[in-house]
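Colleague: Below are the sequence and a predicted model; questions follow.
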Amino acid sequence: MRAPAFWWRPPGLLAALFAPFGAIYGAVAVARLRRRGKRAGVPVICVGNPTLGGAGKTPAAIALARLLAAAGARPFLVTRGYRGRERGPLLVDPAQHDAAAVGDEALLLARAAPTIVAADRFAGVELAARRGASVVVLDDGFQNPSVEKDFSLLVIDGESGVGNGRVFPAGPLRAPLIAQIERAQALVCNGKGAAVETVAALAARKGVPVFAARVVPEPRAAQNLAGQKVLAFAGIGRPEKFFRTLSEIGAKVAKRRAFPDHHPYSPREAEDLLATAKRESLLPVTTEKDRIRIAGLKLTELYAASTALPVTLEFDEEAALMRLVTGALARRRA
């Protein structure tokens, strides 16, 4: 779905109209947050976001898994496989599974560490434990009470923050903000912006450590795209961030096409993108998640003609964050 524009503006009439529904949704969400999940056989670290839409949760989960592996752990990633048909639990095999089967995020995660797709998150964690995981990183699931978490990290976008601060459907929050912050052990601000300052201050008052992070394009890909005239297209939570990143690395963004998050491109849309690129001599450029999805949809011409700009998330105070995480793992072992 494409997030309504009023979610990202100061509360107005539409937010007020939806507020009663948001109050009901929020009350249910808080009750779920307070439930204690089942304790798994391995430590569980959860990477979530307090809002609907793209905040950088999946890149943060990947970055954390890689840091854990570098520290000597054997991390597995567990995701529900959004928009994939498989319910799991199953171990993702990129040679056998496509985005239609397990979702685009699962295939992206599987590049960083062994990844389990499971609609039942507890079953997914248990399968990871049987497969030899020493720690599980949950990509999403902060608001899901099925698994007890040993450490939870919330990611927010530095520019959009929490939007109008209202709970769905009046705004983008998945639950009241304070209730979510009180159950987190760290807050990660992905990028800078005035919108994030209020949330960071609230977290600090609640004693929740705040860490800055930023998205970094892969250097070689960025160098190859510098100076190129491109048709930029993306079906992610915040396509405009991707377009801006392309401009920042020196690509000449002549055309841009924004689609809803996890958008299933149709053959007609693929033909339109290819025709526009050919007519104006542009290179089609998209995100890694989009290109994975395009491959799964068997849009072979668009896949062959397009290129992706890989990005990673880097934490400014990586060592301090890892001390918190490894401390939680040590307490679990004790």
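Modeller: In hand now; what should we look at?
Colleague: looking at this protein, which helix or strand is least sure?
Modeller: helix 194-205 (a mean of 90; mean pLDDT, DSSP states H and E).
Colleague: so how far is it off the chain centroid?
Modeller: 20 Å (CA atoms, centre = their mean, to the nearest Å).
Colleague: what's the next secondary structure element after it?
Modeller: Downstream of helix 194-205, the next assigned helix or strand under DSSP states H and E is strand 210-217.
Colleague: Name the residues that touch that next one?
Modeller: 56, 59-60, 63, 155, 186-192, 200, 203-204, 241, 245, 249, 309-317, 320-321 (CB atoms under 8 Å, 6 or more residues apart in numbering). From N, CA and C alone the C-beta is placed, and that goes for glycine too.
Colleague: So among the residues you listed, which ones count as buried?
Modeller: Taking 16 or more other CB atoms under 10 Å as the criterion, what is buried in the contacts of strand 210-217 is 56, 59-60, 63, 155, 186-191, 200, 203, 241, 245, 249, 309-311, 313, 315, 321.
Colleague: And the helices in the chain, which stretches?
Modeller: Using DSSP state H, the helices of the chain run over 13-34, 57-70, 99-102, 104-110, 121-130, 177-181, 194-205, 219-225, 239-248, 267-279, 288-296, 300-305, 318-333.
Colleague: of all those, which gets the most neighbours per residue?
Modeller: helix 104-110 (a mean of 26; mean count of other CB atoms under 10 Å).
Colleague: So for it, mean pLDDT?
Modeller: Mean pLDDT, computed over helix 104-110, is 95.
Colleague: Over to stretch 49-68?
Modeller: Rounded mean pLDDT across stretch 49-68 is 92.
Colleague: chain center to it, what's the gap?
Modeller: Worked out by CA atoms, centre = their mean, stretch 49-68 lies 5 Å from the chain centre.
Colleague: end-to-end on it?
Modeller: 20 Å (CA to CA, to the nearest Å).
Colleague: Equivalent analysis for stretch 272-286, please.
Modeller: Per CA to CA, the first residue of stretch 272-286 is 15 Å away from its last.
Colleague: which residues are contacting it?
Modeller: So stretch 272-286 is in contact with 225, 228-234, 246, 251, 254-255, 257, 294, 301-302, 305-309, going by CB under 8 Å, 6+ apart.
Colleague: thinking again about what came up before, could I get the helices of the chain in JSON lines, plus columns for distance to residue 48?
Modeller: Converted to JSON lines, the helices of the chain look like this (distance: least, CB to CB, whole Å):
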{"stretch": "helix 13-34", "distance to residue 48": "11"}
{"stretch": "helix 57-70", "distance to residue 48": "6"}
{"stretch": "helix 99-102", "distance to residue 48": "20"}
{"stretch": "helix 104-110", "distance to residue 48": "13"}
{"stretch": "helix 121-130", "distance to residue 48": "12"}
{"stretch": "helix 177-181", "distance to residue 48": "8"}
{"stretch": "helix 194-205", "distance to residue 48": "14"}
{"stretch": "helix 219-225", "distance to residue 48": "28"}
{"stretch": "helix 239-248", "distance to residue 48": "19"}
{"stretch": "helix 267-279", "distance to residue 48": "31"}
{"stretch": "helix 288-296", "distance to residue 48": "18"}
{"stretch": "helix 300-305", "distance to residue 48": "31"}
{"stretch": "helix 318-333", "distance to residue 48": "15"}
